[in-house]
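Trainee: sequence? don't have it. structure:
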């Protein structure tokens, strides 16, 4: 599947090459579509393409690295 | 019938335009898509007289809403009261205060009826027969009710542990309610995947650009009800931040069309401290929104990573407004104050709006001598748990006049 997400990096993770590590560790194609990086946070619009299980594992791994992962709609659940 | 002036969907980031279809993000940069119009086509045709001649619903401004022809869903929705809040003015020490009271919006008592009626009318135009949403409250009820009235199939996704009262508010309309187990982020992600996979109109996903435009009707009404003028200041509650941007857009549209003078309206945002990523960004002077884990009684505003946060921040700054946040205790106190002074029982979000306005009046961010409108977006009957411990309990007496006389005497009440 091709999964489109926004990644939010905090001040601890913003300097880490996490997207590079992701592509090394999982058999996925990553495609950065938009990015804004500042001192204390970063926002990246990323396409992750691969087998369903692999993409799901990759998303889980991103969360474990302290990266906030959300669909490109961000909060789908409204009040 | 006036021809549609809807031109396209346009990316708010890169400006790429797309045809009018059920889609919501830019394929190039993932930016959100917004409906854009050819306002010139309305020049001289869309007049105050024309609007005033129409039924009192949100659709009296239909040329500025993204549907073709007449609405098929929610034709009666909107046109809620604008109340001059004289008693509240005295308490707050301000000169001219109004409440735009969407706590009585038809049919489900929240401003979501505006956005949902546009989204579902558009969904019918697109040929959808099933509509859906992911919600913890007002949106669920509105989608379920408006879909039922229009004969559409509906699916409503909720966290599995949502309070019974809120499940009831959607369930009564015969919708398909799906409770999802899991952490918030996982539930959120699943809803996005479902929206992408099934051929449904998911109101806050694939028809979101149309859905969001419905919010503008609140501001159109506000301006007409003020005697065809914009207030100097308008305070709106912020969840995704969308309402903030749409109020600003509506004011600019009326100015562009010559329906009102430019009053230099400043837009102010209100959040609960337990979920205040947009207010924080404004106060910190940044445009980056740091996602938060929501923890507040104002659940209808509990969006930790608001999709329109950046744009709301920009509108607030560019219009000369401000943003504020208040504690849950202040929310409850403001709900009580609004009820006791104006007879309006607003949901927690209404407490947030009033409470933040009070804080901004005290700090001088909101001037006391200019017109202010507070947007109240939902009904307190839906969030009774927030105030149940804050209201005075009834005093119980036996069914005889003597007992009541004693009570009245204690209160200092005189008999006639």
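Mentor: Everything's here; your move. What you see is a predicted model, and the numbers here were worked out from it, not measured in a lab.
Trainee: Determine how far the helix ranked longest in chain A lies from the middle of the whole chain.
Mentor: When chain A is parsed with DSSP state H, its longest helix is helix A:52-64. Remark: helix A:52-64 is offset 9 Å from the chain centroid, using C-alpha atoms, centre = their mean, to the nearest Å.
Trainee: Contacts for that helix next, please.
Mentor: Defining contact as C-beta atoms under 8 Å, 6 or more residues apart in numbering or on different chains, one finds that helix A:52-64 is touched by A:1, A:3, A:5, A:7, A:18, A:22, A:25-28, A:48-50, A:69, B:185, B:189. Backbone N, C-alpha and C define where each C-beta goes, glycine included.
Trainee: The same query, at a cut-off of 6 Å, please.
Mentor: The contact list for helix A:52-64, computed with C-beta atoms under 6 Å, 6 or more residues apart in numbering or on different chains, reads A:1, A:3, A:22, A:26, A:27, A:28, A:48, A:69.
Trainee: And stretch B:282-290, by the same measure?
Mentor: Counting by C-beta under 6 Å, 6+ apart, A:41, B:277, B:281, B:309, B:310, B:313, B:316, B:323 sit against stretch B:282-290.
Trainee: So which bits of that stretch are buried?
Mentor: B:282, B:288, B:289, B:290 (16 or more other C-beta atoms under 10 Å in any protein chain shown).
Trainee: List the buried residues of stretch B:56-67.
Mentor: By neighbour count on 16+ other C-beta under 10 Å, the buried set for stretch B:56-67 is B:57, B:58, B:59, B:60, B:61, B:62, B:63, B:64, B:65, B:66, B:67.
Trainee: now, the most widely separated pair of the contacts of helix A:52-64?
Mentor: A:27 and A:69 (18.4 Å; C-beta to C-beta).
Trainee: higher neighbour count, those two?
Mentor: Using other C-beta atoms under 10 Å in any protein chain shown as the criterion, residue A:27 and residue A:69 rank with residue A:69 on top: 21 against 11.
Trainee: Those residues of the stretch 201-350 of chain B touching chain A, which are they?
Mentor: Applying C-beta under 6 Å from any C-beta of the partner chain, we find that the stretch 201-350 of chain B lies next to chain A at B:204, B:205, B:239, B:288, B:291, B:299, B:300, B:303, B:305, B:307.
Trainee: Check the secondary structure at the closest residue to the second one other than its chain neighbours for me.
Mentor: Nearest-residue entry for residue B:205: residue B:195, 3.8 Å, with adjacent residues in sequence omitted and distances by C-beta to C-beta, 6 or more residues apart in numbering or on different chains. Of the three states, residue B:195 takes helix under DSSP: H, G, I helix; E, B strand; the rest coil.
Trainee: per-residue pLDDT, the residue nearest to residue A:28 when sequence neighbours are not counted?
Mentor: Leaving out its chain neighbours, the residue that sits closest to residue A:28 by C-beta to C-beta, 6+ apart is residue A:50, at 3.7 Å. Here the pLDDT value assigned to residue A:50 is 96.
Trainee: How many neighbouring residues does residue A:50 have?
Mentor: A count of neighbours around residue A:50, defined by other C-beta under 10 Å, yields 19.
Trainee: And for residue A:44?
Mentor: Counted with other C-beta under 10 Å, residues neighbouring residue A:44 total 20.
Trainee: Over to residue B:88?
Mentor: 23.
Trainee: Would you mind giving the buried residues of stretch B:56-67 as CSV with distance to residue A:32, secondary structure and pLDDT added?
Mentor: CSV is the format used below for those (distance: C-beta to C-beta, whole Å; DSSP: H, G, I helix; E, B strand; the rest coil; pLDDT from 0 to 100):
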residue, distance to residue A:32, secondary structure, pLDDT
B:57, 45, coil, 98
B:58, 41, helix, 98
B:59, 43, helix, 98
B:60, 45, helix, 98
B:61, 41, helix, 98
B:62, 41, helix, 97
B:63, 40, helix, 97
B:64, 37, helix, 98
B:65, 36, coil, 98
B:66, 31, coil, 98
B:67, 36, coil, 97
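Trainee: Which one of those residues is nearest to residue A:11?
Mentor: Checking the buried residues of stretch B:56-67 against residue A:11 with C-beta to C-beta, the nearest one is residue B:66 at 40.2 Å.
Trainee: show me where chain A has helices.
Mentor: Secondary structure of chain A by DSSP H: the helices cover A:18-25, A:52-64.
Trainee: related to what we said a few turns ago, by neighbours, which of the contacts of helix A:52-64 wins?
Mentor: residue A:48 leads these on contacts (other C-beta under 10 Å) with 25 neighbours.
Trainee: What separation do you get for that one and chain B?
Mentor: In this view, residue A:48 and chain B are 12 Å apart by C-beta to the nearest C-beta, to the nearest Å.
Trainee: Next one: residue A:79, what pLDDT does it get?
Mentor: For residue A:79, the model assigns a pLDDT of 89.
Trainee: Looks like it contacts residue B:137 (just checking).
Mentor: Yes - counting by C-beta atoms under 6 Å, residue A:79 does reach residue B:137; the two are 4.8 Å apart.
Trainee: Need the residues touching each of those two.
Mentor: With contacts taken as C-beta under 6 Å, 6+ apart, the residues that reach both residue A:79 and residue B:137 are residue B:300.
Trainee: where in chain B is pLDDT low?
Mentor: Scanning chain B for pLDDT under 70 picks out B:1-2.
Trainee: Leaving out the residues flanking it, which one is nearest to the closest residue to chain A within the stretch 1-150 of chain B?
Mentor: With C-beta to the nearest C-beta as the measure, residue B:30 is the residue of the stretch 1-150 of chain B nearest to chain A, at 3.9 Å. Distance criterion C-beta to C-beta, 6+ apart; nearest residue to residue B:30, sequence neighbours excluded, is residue A:45 at 3.9 Å.
Trainee: how about the one you found, what does it touch?
Mentor: Taking C-beta under 6 Å, 6+ apart, we find residue A:45 in contact with A:6, A:33, A:34, B:30.
Trainee: Enumerate the beta-bridge partners assigned to it.
Mentor: Using DSSP bridges, the beta-bridge partners of residue A:45 come out as residue A:6, residue A:34.
Trainee: Could you report the neighbour count for residue 32?
Mentor: Reading this off chain A. With other C-beta under 10 Å as criterion, residue A:32 counts 11.
Trainee: hmm, I had chain B in mind actually
Mentor: Neighbourhood size, residue B:32 [other C-beta under 10 Å]: 23.
Trainee: next one: the one 3 residues further on
Mentor: Using other C-beta under 10 Å, residue B:35 has 21 other residues around it.
Trainee: packing partners for the helix or strand containing it?
Mentor: Counting by DSSP states H and E, the element that carries residue B:35 is strand B:33-37. Under the contact criterion of 3 or more C-beta pairs under 6 Å, 6 or more residues apart in numbering or on different chains; DSSP states H and E, strand B:33-37 touches strand B:6-11, helix B:208-213.
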